[in-house]
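Novice: what would the 3D arrangement of this be:
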Amino acid sequence: MVAAAVVLGCALLPSSGIARQQSGAERVAIFYYPWYANPAKDGRWAHWYVDHDGTPVLSTRYFPSRGLYSSSSAKIVSAQMREIAAAGVGTVVVSWWGFDSPENDRLGPVVEAAMQEGLSVAIHIEPYRGRTPASAAEDIEQLHGTYGVTDFYVYDADSDPASDWAAALAPLDDVRVFGHTPFVGRAKASGFDGLYTYDVVTWNGTSFRRLCTQAHAAGLLCAPSVGPGYDARLATSMDAVRPRNDGLTYDRMWKTALRASPDLVTITSYNEWQEGTQIEPARVATGKPSYEGAWGMHGVAAQRSYLAATAHWAERLRGLPSTTAN
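Specialist: Numbers count the residues shown, from 1 in each chain. Predicted structure coming up:
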């Protein structure tokens with residue numbers, strides 16, 4: 001039945017990306033990384049390779065169908081936004097590393113491309129060097145004023161005292177700030193409007209119902225994170241692996257998220273290739289795993305199978321009652 005649903009999802013994924021109105025888009029957000037560079041476009045590599053004892057090694061176990069692209073390419077970004085919208089996602093949560101970062105330089109074009117596809121943009125405030133609750137609050141205020149962004153996600157929120165977050169966030173108006181924490185009491189004490197889990201290794205979905213029940217009781221929004229798997233062994237020192245199991249992992253996480261009565265579902269991720277959490281199309285490459293066999297699919301259908309599954313689950317979410325999300 002799941003395979004049939006995913007085949008249906010493939011039918012809803014035309015290259016023009018016009019199927020979004022059939023999904024629960026307003027309640028689905030996906031983490032997006034604009035940090036890739038290649039010599040042809042940028043004069044250098046960024047994020048695609050890591051140094052292993054002086055030798056550059058491809059940092060991802062999978063290989064993108066688009067090749068080792070540049071996030072500076074307007075054509076690439078536009079195609080990605082069309083793809084995201086067609087998959088039933090309503091919000092792109094853009095990784096952001098401070099005003100002096102390449103990700104900030106690319107934010108404007110991403111916002112423009114997203115708006116062209118009817119997508120909302122949220123900002124993922126990453127743990128850039130020197131970040132404090134006070135600086136993050138200033139960032140939020142400035143980004144809201146410049147781009148009109150209203151949703152912000154703060155990664156690694158537990159690294160600073162809750163009292164510092166509460167003091168910094170209190171003056172902010174007209175925005176929603178989600179804290180990356182599994183602790184509802186801490187999120188409440190920090191002054192966050194909601195919480196998300198991001199990590200799809202530790203938080204496999206079994207605690208989502210408890211987390212969302214507690215969050216709603218505390219008056220907080222709950223945005224649990226689902227993902228297809230995890231494998232960062234090439235790019236990091238992390239040995240933990242969460243296998244994809246031909247799509248079963250993604251389905252199971254979505255099922256547990258929907259049972260939790262979430263306000264939003266966040267997806268980890270669209271294109272974090274180094275951690276192996278991406279759902280962006282991947283093609284067969286020598287010596288690399290691929291999506292071949294996912295939901296029984298092969299060829300181009302397999303490359304796009306996680307997007308099709310996302311469209312299916314977003315549609316399921318649309319049929320569920322909203323709790324406190326506005």
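Novice: H180 reaches A157, doesn't it?
Specialist: Yes - with contacts counted by Cβ atoms under 8 Å, H180 reaches A157, the gap being 5.0 Å. Just so you know, the C-beta spots here come from the backbone N, C-alpha and C atoms, and that holds for glycine as well.
Novice: between the two, which is the more surrounded one?
Specialist: Between H180 and A157, counted using other Cβ atoms under 10 Å, the more crowded position is A157 (25 against 22).
Novice: got a list of what that one touches?
Specialist: For A157, the contacting residues are W165, G179, H180, T181, A187, S190, F192, by Cβ atoms under 8 Å, 6 or more residues apart in numbering.
Novice: now the third one: phi and psi?
Specialist: Going back to what we said before, that points to H180. Dihedral pair for H180: phi -80, psi 90, per degrees, to the nearest 10.
Novice: how close does it get to V154?
Specialist: According to Cβ to Cβ, to the nearest Å, H180 and V154 sit 6 Å apart.
Novice: kindly report the same for the fourth one.
Specialist: Taking Cβ to Cβ as the measure, T181 falls 9 Å from V154.
Novice: okay, and the common contacts of those two?
Specialist: The contact sets of T181 and V154 overlap at F192 (Cβ under 8 Å, 6+ apart).
Novice: these two: who's more crowded?
Specialist: Between T181 and V154, counted using other Cβ under 10 Å, V154 has the larger neighbour count: 30 against 21.
Novice: which ones are touching the more buried one?
Specialist: By Cβ under 8 Å, 6+ apart, the contact set of V154 is I125, A136, V177, F178, G179, H180, F192.
Novice: ok, now with 10 Å
Specialist: With contact set as Cβ atoms under 10 Å, 6 or more residues apart in numbering, V154 has these partners: 123-127, 131, 133, 136-137, 139-140, 160, 165, 169, 177-181, 190, 192, 195-196.
Novice: repeat for A257
Specialist: Contact partners of A257, counting by Cβ under 10 Å, 6+ apart, are 197, 205, 208-209, 212, 222-226, 264-267, 313, 317.
Novice: just the ones in helices from these, please.
Specialist: In helices, judged by DSSP state H, the following of the contacts of A257 are found: F208, R209, C212, W313, L317.
Novice: for these, which one is nearest Y62?
Specialist: Comparing the ones in helices among the contacts of A257 against Y62 with Cβ to Cβ places W313 closest, at 20.9 Å.
Novice: quick revisit: secondary structure for the contacts of A157 - can I get that in TSV?
Specialist: Shown next, in TSV, are the contacts of A157 (DSSP: H, G, I helix; E, B strand; the rest coil):
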residue	secondary structure
W165	helix
G179	strand
H180	strand
T181	coil
A187	helix
S190	coil
F192	coil
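Novice: any idea which of those has the most stuff around it?
Specialist: For these, counting by other Cβ under 10 Å, the largest number of neighbours falls to A187: 30 neighbours.
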